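[1] Structure of the sequence below:
(chains A, B, C and D)
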Protein chains: 2
Amino acid sequence: MNTIFSALAEPHRLHMVELLRDGPLTVGEIAQRLGLSQPQVSKHLRVLSEAGLVDVQPIANRRVYKLRPQSLQDIENWLGSFRRLWETQFDRMEAYLQVLQAKESKPD
Amino acid sequence: MNTIFSALAEPHRLHMVELLRDGPLTVGEIAQRLGLSQPQVSKHLRVLSEAGLVDVQPIANRRVYKLRPQSLQDIENWLGSFRRLWETQFDRMEAYLQVLQAKESKPD
DNA sequence: ATGGAATATTCCTGTCAAGGCATATTTGGA
DNA sequence: TCCAAATATGCCTTGACAGGAATATTCCAT
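    Residues are numbered from 1 along each chain as shown, chains lettered A, B, ... in the order given. Model (predicted):
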């Protein structure tokens, strides 16, 4: 999970992921569309690959990169544990303040 | 979106967010539970706050931090645009390979 | 076999961010 | 008013990472 967020933290990499959302692309195509150098793209793709966000498929000279749906599902699952935060009115702020108050008047 | 991922990319910050999932906490409590120094926690909370991931509520001496559900919803929405990747069998790899083949035999 | 295209890797450099420490700031209590 | 607790901020150092240029690698076509 940490690795995934780190990979997406880089603006160009995030952009690349969003670009691949519409289908697989080769390194050169990505470089061209984003106006980046080829080595730059290769290195970013390496990071994305190691984070499990993309898959490679060598075709002759080129390498076709595509998103790996599993990684996005991982994020989805992680988000799931927070879902009650906005589905229910799960705030607990008031309850917590009372706990603080209790500690005020009766510190351990 | 970029800011959010950057904030979550830091292991300690990710840990803090997961800690706040169970309810609001003060700076000191977070520092204690994660075994971090107080300034360390304050600085990380600042980043999380600027990314819109947490809210603060001053109570006397202390500051109670809580998750901001809206930010998590933002991630959810972002993920939404990728959902068809795993809901439908949206691969396009085969189709793309044919496009590549076409370019092979007929380059521009 | 040779050359050229597509991609990966290496080395180098500059930048930025995290951690540690000290210190400022705010607040309540004696 | 003065002190102590809780938190934030500033300064400094160090490590990691992105970008650029050059080079290595792989593959196809001739």
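[2] quick one: the strands in chain A?
    Taking DSSP state E to define them, one finds strands in chain A at A:25-26, A:54-59, A:62-67.
[3] Reformat those strands as TSV; add mean neighbour count and distance to chain B.
    Every C-beta, even on glycine, is put in place using the N, C-alpha and C of the backbone. Compiled in TSV, the strands of chain A are given as follows (neighbours: other C-beta atoms under 10 Å in any protein chain shown; distance: least, C-beta to the nearest C-beta, whole Å):
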stretch	mean neighbour count	distance to chain B
strand A:25-26	20	8
strand A:54-59	15	6
strand A:62-67	19	6
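[4] if we compare those strands, which one ends up closest to A:S6?
    A:S6 lies closest to strand A:54-59 among the strands of chain A, at 14.5 Å (C-beta to C-beta).
[5] Could you check the angle that closest one makes with strand A:62-67?
    Strand A:54-59 runs at 150 degrees relative to strand A:62-67, counting by axes from the mean of the first three to the mean of the last three C-alpha atoms, to 10 degrees.
[6] from the chain's centre, how far out does strand A:54-59 sit?
    20 Å (C-alpha atoms, centre = their mean, to the nearest Å).
[7] mean confidence score for it?
    Regarding strand A:54-59, the rounded mean pLDDT is 94.
[8] do stretch A:7-15 as well
    What stretch A:7-15 shows for mean pLDDT is 98.
[9] Including distance to DNA strand C, could the strands of chain A go into CSV?
    CSV is the format used below for the strands of chain A (distance: least, C-beta to the nearest atom of the strand, whole Å):
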stretch, distance to DNA strand C
strand A:25-26, 3
strand A:54-59, 6
strand A:62-67, 3
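[10] want to throw those strands into TSV with distance to A:P39?
    TSV is the format used below for these (distance: least, C-beta to C-beta, whole Å):
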stretch	distance to A:P39
strand A:25-26	15
strand A:54-59	16
strand A:62-67	14
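[11] I'd like to know which of the ones you listed lies nearest to DNA strand D.
    strand A:54-59 (6.2 Å; C-beta to the nearest atom of the strand).
[12] List the contacts of A:P58.
    A:V64 (C-beta atoms under 8 Å, 6 or more residues apart in numbering or on different chains).
[13] what about chain A, any weak spots by pLDDT?
    Along chain A, segments meeting pLDDT under 70 span A:88-108.
[14] what residues does it put near DNA strand D?
    A:10, A:12, A:36-37, A:39-40, A:43-44, A:47, A:58, A:60-61 (C-beta under 7 Å from any atom of the strand).
[15] cutoff 10 Å now
    Chain A comes close to DNA strand D at residues A:3, A:6-7, A:9-13, A:34-44, A:46-47, A:58-63, A:100, A:103, A:107, as judged by C-beta under 10 Å from any atom of the strand.
[16] Could I get the full set of helices for chain A?
    For chain A, helices defined by DSSP state H occupy the ranges A:2-9, A:11-20, A:27-34, A:38-50, A:69-80, A:84-87, A:93-105.
[17] closest one to B:G28 among these?
    Among the helices of chain A, helix A:93-105 comes nearest to B:G28, with 11.3 Å by C-beta to C-beta.
[18] before we move on, the earlier item: just the buried ones out of the residues of chain A next to DNA strand D, please.
    In the residues of chain A next to DNA strand D, burial by neighbour count holds for A:6-7, A:9-10, A:13, A:36, A:41, A:44, A:47, A:59, counting by 16 or more other C-beta atoms under 10 Å in any protein chain shown.
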